[in-house]
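Asks: any chance you could fold what I've pasted below:
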Amino acid sequence: MFLLRLWRAGLPACGPWRAVAVLAVLACSVPVAAWMGVRLLPPAWDGMLFFNDSLAQWSFARFAMELPAVGLFDGEVLHAFQQGLFPPLRQTFPYPYPPHYLFAVWPLGWLEGPWVWPVWTGGTLALFLLAGCVGGRWRDAPLLALAPAAVVAAGYGQNGFLTGALILGGLRLLERHPVLAGVLLAGATVKPHLGLLIPVALVAAGQWRALGSGAVAVLGLVAASALAFGWEAWPRFFETLLGHAGAIDPWVSDARKATVAASLVLVGVSRGVAYAVQWAMAAGLAVGVALAFRGGVTTWRVGLLIAAGFAATPYGFHYDLPLLVAAVLMLARDEAGAARRLAWPEAAVLGAALVFPAVVTLSYRLAWVTGPCLLALVGLAAWRVFNRADGICARRP
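Replies: Model prediction:
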């Protein structure tokens, strides 16, 4: 009887239970941090502190400072330049971004090598925390900064914090500052595949000011980058766009991809079928997001958009997942922003979404769990949005 009452009562998302849950999630980050440390500390003792993807960000900036930026899209030329900067380098770090991404990494070009990783990771993490805690939610900062997804992003030295800050900041400012929101979302076009469903949501919600400012900002970024780095960089980017995946795939296994298609391939589904399922599912998710945002922008709808965006994209990585932590926090509250009592299945889905980056990082054999965890989170968010189970009063995100 006690277990039955406990099941019916659910898990309080406040008080001691909340603290225990947060500590449990953070504890999952400890082995990830240890694993990253094993990879990073020995190279650091040999003077290679930034021997991860922050090296790539640094090399892009240095290349654009010293040579015509159009050369970034020539893999052999870029690799030779990177080896000149860092002779021990054997891995290939191609440039898969549009030219205006150089504005984001340009300051790194002025740094000495050992400073690149801490400055890049620390700076972009600060932006992510600012976007995630705006509105006084500073109690969320420890989880946003120390959840397994954040530890993975920090260890790789990639740009997951930067894209997370731009997307999260833009979505949370939609109702209050739509023009600024559009500008931030335009900045996120440095990785447009992470925002496939955002235009759908903006159109459905009638966020015309955000769409307008975003379109103007994108045109401004194109023009500014063309003036700064050469007009020829843009045609070259579009020429090589479809080849980026083929250039990166030999170095990045499906076990490192945070996509449903990768999970299907890992369990034995052919790649063609897996990607057909991925695109069909993305179309269905686009319809679901459009229906959800017809009622406006609310916290749970933004959580649905973030989760569905990850499930829809065919090309995302584990270091892109910090944004998913913010979605979990949105779905752990009611629409008024207060802590709520979670049913145990809800708590399980939210917990799995927080923990699976640790699982797949420590054991590639379990990498297939990414897809199910993403889809479970999308299902929970959709159930919340379309059933409005609590009869709550919607609040801006």
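
Asks: quick one, strands of the stretch 1-150 of the chain?
Replies: 11-12 (DSSP state E, counting those that start in this stretch).

Asks: pLDDT weak spots in it?
Replies: Within the stretch 1-150 of the chain, the segments meeting pLDDT under 70 span 1-20, 38-51, 135-136.

Asks: ok, which stretches of it are helices?
Replies: Using DSSP state H, counting those that start in this stretch, the helices found in the stretch 1-150 of the chain span residues 2-9, 15-45, 53-66, 75-85, 102-105, 113-133, 141-146, 148-156.

Asks: show me what the fifth one is packed against.
Replies: In terms of contact count using 3 or more CB pairs under 8 Å, 6 or more residues apart in numbering; DSSP states H and E, helix 102-105 is assigned the packing partners helix 53-66, helix 208-229. In short, each C-beta sits where N, CA and C put it, glycine included.

Asks: next: the fourth one.
Replies: Contacts of helix 75-85 with other secondary structure elements, assessed using 3+ CB pairs under 8 Å, 6+ apart, are made with helix 53-66.

Asks: contacts for the helix it packs on?
Replies: 50, 69, 71-72, 78, 81-82, 85-86, 89, 93, 95, 97, 101-102, 105-109, 111, 113, 116-117, 120-121, 156-159, 229, 319 (CB atoms under 8 Å, 6 or more residues apart in numbering).

Asks: buried residues, it. List them.
Replies: 53-64 (16 or more other CB atoms under 10 Å).

Asks: of those residues, closest to L174?
Replies: Q57 (28.8 Å; CB to CB).

Asks: list the contacts of the residue nearest to the closest one when sequence neighbours are not counted.
Replies: Using CB to CB, 6 or more residues apart in numbering and skipping the chain neighbours, the partner closest in space to Q57 is V105 (4.6 Å). Contacts for V105 were tallied using CB under 8 Å, 6+ apart; they are 57-58, 60-61, 120.

Asks: would you list those residues in JSON lines and tack on distance to R333?
Replies: Converted to JSON lines, the contacts of V105 look like this (distance: CB to CB, whole Å):
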{"residue": "Q57", "distance to R333": "34"}
{"residue": "W58", "distance to R333": "39"}
{"residue": "F60", "distance to R333": "39"}
{"residue": "A61", "distance to R333": "39"}
{"residue": "W120", "distance to R333": "31"}
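
Asks: separation between H177 and S213?
Replies: 10 Å (CB to CB, to the nearest Å).
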